[in-house]
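In: Here is a sequence together with a model predicted from it:
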Amino acid sequence: MSGRILVSRDGDIATVTLSNPEKLNAVNYAMWCDLATAMAELSADSSLRCVVLTGAGEAFAAGGDIEEFLVKRTNLEQALHYHDKVGAALDAVRDCPHPTVALIRGACVGGGLEIAGNCDLRIAGEGAKFGAPINKLGFSMYPGEMSGLLALAGPAVMSEILLEGRILSAAEAYAKGLLTRVVADAQLEDEVTATARRIAAGAPLVARWHKQWMRRLASGAPLTQEEKAASFAFLDTADYKEGLDAFLAKRKPAFKGC
């Protein structure tokens, strides 16, 4: 079966690669399942500080594997099962406690856009393309897949993407808030590597707490006194002491994640 999820590691930075290059990394059922498994395993590894998600070759991912729908999504029962697996993979990306960075070149469409949209940061080469032209295929985006993009882009941009089915340039995607930054294609890997290293150099517990509190605040509900107190959990960490000591000594901190 074509299509794999590849995981590699460089110190405390892991890279997850969508690999189905013959189909511009179109994500098939097995890849969705393997992506969920890979992200769960990485999430459980407390020694990691950053996860980069990318595609093999010259694309991020050109959506789902449409040919597969002819045999794996032929009725309601199959469709619900299939897209629950897709939703589980997207949840695993979004729920990863480590900061996640999408390295985007080429096509980032449909399911590829959904994956990138659930990462914390999205850095694209100027030649990248974005969209979800599924209105031309006669099916709608599953609500469980839409939620991450909707939270990122808002209803106005999502309406444009889904109702027009138009493909956006990297510059337009950035202007609409879909991307963190856009760089020259030749500089993309260096920029993402530098970003991941900046993240990894910070206190890892702090990065995880920042992700946790941003999601909590997005709910709009007022914080309880217990939650306010919990936000100062850093006071009991060795990394907090190290950060202060390093600042006062004018040296680079060496955080341990504890």
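Out: That came through, no problem. Values in this document were obtained by computation on a predicted structure and should not be read as measured data. Residues are numbered from 1 along each chain as shown.
In: From the chain's centroid, how far away is the host helix or strand of residue 226?
Out: In this assignment (DSSP states H and E), residue 226 forms part of helix 225-230. Offset of helix 225-230 from its chain centre (CA atoms, centre = their mean, to the nearest Å): 28 Å.
In: quick one, strands of the stretch 101-250 of the chain?
Out: Along the stretch 101-250 of the chain, counting by DSSP state E, counting those that start in this stretch, strands occupy 107-109, 121-125, 129-131, 168-169, 181-183.
In: Contacts for the shortest one next, please.
Out: Surrounding strand 168-169, the residues in contact under the criterion CB atoms under 8 Å, 6 or more residues apart in numbering are 128-131, 161, 176, 178. Heads up, the C-betas are built off the backbone N, CA and C, glycines and all.
In: now do the third one
Out: Outside strand 129-131, the residues that touch it by CB under 8 Å, 6+ apart are 106-110, 113, 161, 165-170, 173, 178.
In: Adjacent strands (with direction) for it?
Out: strand 107-109 (parallel), strand 168-169 (antiparallel) (DSSP bridges).
In: Just put the strands of the stretch 101-250 of the chain in TSV and tack on mean neighbour count and mean pLDDT.
Out: Compiled in TSV, those are given as follows (neighbours: other CB atoms under 10 Å; pLDDT from 0 to 100):
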stretch	mean neighbour count	mean pLDDT
strand 107-109	26	97
strand 121-125	25	98
strand 129-131	23	97
strand 168-169	19	98
strand 181-183	17	98
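In: Please name whichever of those strands is nearest to residue 199.
Out: strand 121-125 (8.4 Å; CB to CB).
In: List the strands paired with that closest one, with their directions.
Out: Applying DSSP bridges, strand 121-125 is found paired with strand 100-104 (parallel), strand 181-183 (parallel).
In: low-confidence ranges in the stretch 151-258 of the chain?
Out: Counting by pLDDT under 70, the stretch 151-258 of the chain has no low-confidence residues at all.
In: My error: substitute the stretch 1-150 of the chain in the last question.
Out: Using pLDDT under 70, the stretch 1-150 of the chain drops low at 1.
In: ranges for the helices of it?
Out: 29-43, 66-72, 76-94, 111-117, 143-159 (DSSP state H, counting those that start in this stretch).
In: would JSON lines of those with mean neighbour count be doable?
Out: Converted to JSON lines, the helices of the stretch 1-150 of the chain look like this (neighbours: other CB atoms under 10 Å):
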{"stretch": "helix 29-43", "mean neighbour count": "20"}
{"stretch": "helix 66-72", "mean neighbour count": "13"}
{"stretch": "helix 76-94", "mean neighbour count": "17"}
{"stretch": "helix 111-117", "mean neighbour count": "29"}
{"stretch": "helix 143-159", "mean neighbour count": "16"}
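In: Between these, which one is closest to residue 190.
Out: In terms of CB to CB, the element of the helices of the stretch 1-150 of the chain nearest to residue 190 is helix 111-117, at 19.1 Å.
In: Now for the nearest residue to residue 57 once chain neighbours are set aside, how many residues are close by?
Out: Excluding the flanking residues, the one nearest residue 57 by CB to CB, 6 or more residues apart in numbering is residue 21, at 4.3 Å. Residue 21: 15 surrounding residues under other CB atoms under 10 Å.
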